[in-house]
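[1] predicted model follows, preceded by the sequence.
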There are 2 protein chains.
Amino acid sequence: MPRAVKWETLHGARYDTRSRDFTALTPCSAGLQPRTGMVPALPQSFWRESLTLIEQHLPFGRRKLCAQDRVYRCGDPFDTLYLISSGLFKIVNTAPDGREQAAGLYFKGDWLGFDGIPTGSHGCSAVAMDLGEVWTIRYDALLRVSANVPMVMRVLLAAMSAQLAHNRDTMLNMGSLRADARVADFLLQWAQALAERGLRTDQIRLYMTRAEIGSYLRMTMESVSRALSRMARCGVIEFNEAGRRDIRIPDLAALTDFIQSSTELETSPVQ
Amino acid sequence: MPRAVKWETLHGARYDTRSRDFTALTPCSAGLQPRTGMVPALPQSFWRESLTLIEQHLPFGRRKLCAQDRVYRCGDPFDTLYLISSGLFKIVNTAPDGREQAAGLYFKGDWLGFDGIPTGSHGCSAVAMDLGEVWTIRYDALLRVSANVPMVMRVLLAAMSAQLAHNRDTMLNMGSLRADARVADFLLQWAQALAERGLRTDQIRLYMTRAEIGSYLRMTMESVSRALSRMARCGVIEFNEAGRRDIRIPDLAALTDFIQSSTELETSPVQ
DNA sequence: CGATGTGTTGACCGGGTTCAAACAATGTGG
DNA sequence: CCACATTGTTTGAACCCGGTCAACACATCG
C-alpha cells in the first residue's frame, strides 16, 4: 500500500506526492490548549506566515529530503537558514562520543538552523523523519530583505521567540512531569502541532521508535513502552491493528485528564 | 559591612554603588569551556556588544531594581525588551496554581523579554536577584533602528540564538546528569558567566536559596543540600565561614572532574 | 532459515523524593 | 536583653519511581 494512502487514512489529509505536501480535508478540531504551557497557542495562521512571506519577498532554494537525511550536520559552517515547507524534522545533539539525543521536533512552517547564528557553525544536526522539503534561505540575504521589509523581520523574530518560549515550556514539563505524564504530554503536543496545521488530531502516526521518543523525553525506551501500554489499558489511547506506531486518541480531554491524574512532581514554591 | 565591600571581597571587582555596576580588578581567568555544551563559548567581548551598540544607536530608559523586584510579570502586555546593564536576574514560570519555577538565569549583557514577542504578552516573569539595572528598549523602536543599522539586527538575532542554544544545552544537561553533577554543573556555569564578564571565578556568592537552586535544577532542596555537602566533603568546594551561600571553588578543574566522576546517565544511542 | 531491529513485559536495584526532626540565622516585640 | 516566630539549612530514614538487565514476541530482510 503506497504511503500516500496511509497518510490519507491517518491524518484525514490528501498527500500530494509531487509537492510532498498534505492538505487537510477536514477542518481541524481547534481549541486545543497546552496543558502546562504558559504561552497561549499561536493563532492557527501563524505557521503559514513565514512561508507566504518568504515566498513573496525572498529568493530561496528547495531541498527535498528522505527519512534520515540531514538538513545540516553538527559542525557544518552556518550561512543559511531553513524553513520547513513539508515534513517532520528533529534536532539531534551529537555528544563528543558520537551518541545522539533528540532535542526538538519541528513541523511545517518552523525554522531550522538558528543555532548557527552566534557562532557561525552548527552546534547540532537537523534530521528529516520522513519525506520532507525545506526552503533554503541565505542568512545574509534574509538580513538584507529584513531591513527593507519590516514584516519579514517581525516574522523572523516572532519565530525565534516562539522557539524560545516552546523550549522553556518543554524544559518545565520535563522537569515537573512523571514518566507517564511526559509521554502523554508528548502525544498531546504532537496533536497540537497537527491541529495548528489543520490536520486531524485523533489519529497520530509516530515516525519515531520508542528509543527515539525516549531520547526526546529523557527516559528509556522501556519506560516509554510501559507508559504507552498503561495508557492503552486505561483506554486513553488505542493502537491501530498492525504496527504499534499508529495511535488513535479517542478523546483529547481524556488525555489531558490522564496527564493530570499521573501525579505531577511537587513544584516547590519559590520564595 | 556594606554590600559593596562584600562584592569586592567576593568577586575581586569594584562595585560602584552609584551606577550599580561592577568592574573587574583582575583580568578574568579565561579558557573556561563548558563541559557538556556543544556550542563553543562566545567570545568574551560578546556580552558587551549589545550594550555598546544599543547605547550608540537607540534611545533607551534605565530602570533600577532591588532584589525580588520584577522587571515584568507573567501576563503583562509586551512592548519593550530589556537589556541587563548590571545585576543578576532569573526567569520564573508561574503555574496556574500560583507556584513558581525558575527557568533561567541571566547576567549583564543578556536580553530579557523575548518571550512576549510572538503573543504580545509575557508568558513568564523576570525577577531581580540583587540590586540591578536594566535598559528598557521599546520593541518597535528597536525594529526601526534594526532596519537602518544592520549591526543592531545582527546582534539582536545573535543574542536570541545564543539563548536558544543555551536552553538546548541546559535541557540536555538536565536530562543526562545526575543530581550531584547537575549542581556541580550549575556552579560551573555560574563561574563561566562570571568569567565571560571578567570577574573572579574562584569565589561565588549564590543569591539563591537551596530551594531556588532546586527549582532551577528540577530537584528538591534536600538533594541540593546533600550534593553541596558531598562536594564540600570531597574538597571540590568550600563554604565561607558564616553563611552557606558564599562558596569558594579552589580548583575549577577539580569541579569538572567531579562532574564527570559523578557517573552520568546513559544516553541511549538513537537510530 | 538465521540475523537484525523493534516492541513488550518482568524482576531487581538504586538514586532521589518524601517525610520528619533538629539546628542556625535573623528579626520582632515585650 | 530574652522569648518567640520565621526562614533557611542540614541530616536521617523509608519509600517508590524509573533505570537496568534479561527474556521473549514479532516483523522484515537477506
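    That came in fine, so what should we check first?
[2] what ranges does the stretch 151-271 of chain A have for its helices?
    In the stretch 151-271 of chain A, the segments counted as helices under DSSP state H, counting those that start in this stretch are A:179-196, A:210-217, A:221-234, A:252-261.
[3] and A:Val71, how far is that from DNA strand D?
    Applying C-beta to the nearest atom of the strand, to the nearest Å, the value for A:Val71 to DNA strand D is 25 Å. Where C-beta positions appear, they are placed from N, C-alpha and C, glycine not excepted.
[4] so what's that residue up against?
    A:Arg63, A:Leu65, A:Tyr82, A:Phe89, A:Leu112, A:Gly113, A:Ser125, A:Ala126, A:Val127, A:Ala128, A:Val134 (C-beta atoms under 8 Å, 6 or more residues apart in numbering or on different chains).
[5] out of the helices of the stretch 151-271 of chain A, which gets the lowest mean score?
    Lowest mean pLDDT of these: helix A:252-261, a mean of 89.
[6] can you give me the angle it makes with helix A:221-234?
    For helix A:252-261 against helix A:221-234, the angle by axes from the mean of the first three to the mean of the last three C-alpha atoms, to 10 degrees is 120 degrees.
[7] contacts made by helix A:252-261 with the rest, please.
    In contact with helix A:252-261 (C-beta under 8 Å, 6+ apart) are residues A:29, A:32, A:35, A:177, A:180-181, A:184-185, A:187-188, A:191, A:201-202, A:231, A:234-237, A:249.
[8] that one: which residues count as buried?
    A:Leu252, A:Ala254, A:Leu255, A:Thr256, A:Phe258, A:Ile259 (16 or more other C-beta atoms under 10 Å in any protein chain shown).
[9] hmm, that helix touching DNA strand D?
    No. For helix A:252-261, no contact with DNA strand D is found by C-beta under 7 Å from any atom of the strand; the gap never falls below 12.2 Å.
[10] any idea of the pLDDT on A:Phe89?
    With respect to pLDDT, A:Phe89 scores 95.
[11] make JSON lines from the helices of the stretch 151-271 of chain A and add distance to A:Gly104 to it.
    Below are those laid out as JSON lines (distance: least, C-beta to C-beta, whole Å):
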{"stretch": "helix A:179-196", "distance to A:Gly104": "11"}
{"stretch": "helix A:210-217", "distance to A:Gly104": "8"}
{"stretch": "helix A:221-234", "distance to A:Gly104": "17"}
{"stretch": "helix A:252-261", "distance to A:Gly104": "20"}
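[12] so how far is stretch A:170-184 off the chain centroid?
    16 Å (C-alpha atoms, centre = their mean, to the nearest Å).
[13] can you pull the contacts of A:Arg218?
    A:Met174, B:Met174, B:Gly175, B:Ser176.
[14] let's see 6 Å
    A:Met174, B:Gly175 (C-beta atoms under 6 Å, 6 or more residues apart in numbering or on different chains).
[15] re the thing from before, tell me which of the helices of the stretch 151-271 of chain A lies nearest to B:Leu156.
    helix A:179-196 (26.4 Å; C-beta to C-beta).
[16] A:Met231 reaches A:Phe239, doesn't it?
    No. Using C-beta atoms under 6 Å, A:Met231 is not in contact with A:Phe239; the gap is 10.0 Å.
[17] so if I had to pick from the two, which one is more boxed in?
    It is A:Met231, of A:Met231 and A:Phe239, that has more neighbours when counted by other C-beta atoms under 10 Å in any protein chain shown, with 23 against 15.
[18] burial check on the closest residue to the more buried one other than its chain neighbours, number of neighbours?
    Distances taken as C-beta to C-beta, 6 or more residues apart in numbering or on different chains put A:Ile237 closest to A:Met231, at 4.8 Å, once the chain neighbours are dropped. By the measure other C-beta under 10 Å, the count of residues near A:Ile237 is 23.
[19] how close does A:Ile237 get to chain B?
    Per C-beta to the nearest C-beta, to the nearest Å, A:Ile237 is found 23 Å from chain B.
[20] could you do A:Ser121 as well?
    Per C-beta to the nearest C-beta, A:Ser121 is found 8 Å from chain B.
[21] what does the pLDDT read for that residue?
    Looking at A:Ser121, the pLDDT reads 95.
[22] could you give the bridge partners of it?
    Beta-bridge partners for A:Ser121, by DSSP bridges, are A:Pro77.
[23] for the closest residue to DNA strand C within the stretch 51-200 of chain A, give me its contacts.
    Closest approach of the stretch 51-200 of chain A to DNA strand C (C-beta to the nearest atom of the strand) occurs at A:Gly175, with a separation of 8.8 Å. A:Gly175 sits next to B:Arg218 when contact means C-beta under 6 Å, 6+ apart.
[24] quick one: pLDDT of the residue lying closest to A:Leu164 once chain neighbours are set aside?
    Closest residue to A:Leu164 apart from its sequence neighbours, by C-beta to C-beta, 6+ apart: B:Phe114 at 5.5 Å. In this model, B:Phe114 is scored at 97, pLDDT.
[25] and B:Phe114, how many residues sit next to it?
    For B:Phe114, the count of nearby residues is 25 (other C-beta under 10 Å).
[26] surely A:Lys90 and A:Ala103 touch.
    No. If you go by C-beta under 6 Å, A:Lys90 and A:Ala103 don't touch, sitting 7.9 Å apart.
[27] circling back: wait, doesn't the residue nearest to A:Leu164 sit right on A:Ala162?
    No. B:Phe114 lies out of contact with A:Ala162 (C-beta under 6 Å); the separation is 9.7 Å.
[28] sorry, back to before: of the contacts of A:Val71 - the most surrounded one?
    Going by other C-beta under 10 Å, A:Val134 tops those with 29 neighbours.
[29] phi and psi next, for that residue.
    Dihedral angles of A:Val134 (phi, psi; degrees, to the nearest 10) stand at phi -120, psi 150.
[30] look up the closest residue to it, ignoring the ones flanking it.
    Closest to A:Val134 by C-beta to C-beta, 6+ apart is A:Tyr82, at 4.2 Å.
[31] A:Asp251 now?
    A:Val236 (7.8 Å).
[32] residue contacts, the one you found?
    By C-beta under 6 Å, 6+ apart, A:Val236 lies in contact with A:Ala254, A:Leu255, A:Phe258.
[33] out of those residues, who's nearest DNA strand D?
    A:Phe258 (13.3 Å).
[34] quick one, domains of chain A?
    A:1-22+A:41-156, A:177-265 (automatic domain parsing).
[35] and the ones you listed, which one's lowest on average pLDDT?
    With a mean of 82, domain A:1-22+A:41-156 has the lowest mean pLDDT of these.
[36] does that one reach DNA strand C?
    No. Using C-beta under 7 Å from any atom of the strand, we find that domain A:1-22+A:41-156 stays clear of DNA strand C, coming within 10.2 Å at best.
[37] what's the answer for stretch A:179-186, then?
    No. Against DNA strand C, stretch A:179-186 shows no contacts by C-beta under 7 Å from any atom of the strand, the least distance being 10.6 Å.
[38] quick one: contacts of that stretch?
    A:Asn173, A:Leu177, A:Leu217, A:Met219, A:Ser223, A:Val224, A:Ala227, A:Leu255, A:Phe258, A:Ile259, A:Ser262.
[39] is any part of that stretch close to DNA strand D?
    Yes. Applying C-beta under 7 Å from any atom of the strand, one finds stretch A:179-186 in contact with DNA strand D at A:Ala179, A:Asp180.
[40] pull the CA atoms of that stretch into PDB?
    Listed in PDB are the C-alpha atoms of stretch A:179-186, where the atom choice follows Å, rounded to 0.1, in the frame of the first residue of the first chain:
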ATOM      1  CA  ALA A 179       7.200   9.400  33.100                       C
ATOM      2  CA  ASP A 180       3.700   8.600  32.200                       C
ATOM      3  CA  ALA A 181       2.600  12.200  32.000                       C
ATOM      4  CA  ARG A 182       5.600  13.100  29.900                       C
ATOM      5  CA  VAL A 183       4.700  10.600  27.300                       C
ATOM      6  CA  ALA A 184       1.000  11.700  27.400                       C
ATOM      7  CA  ASP A 185       2.100  15.300  27.100                       C
ATOM      8  CA  PHE A 186       4.300  14.400  24.200                       C
END
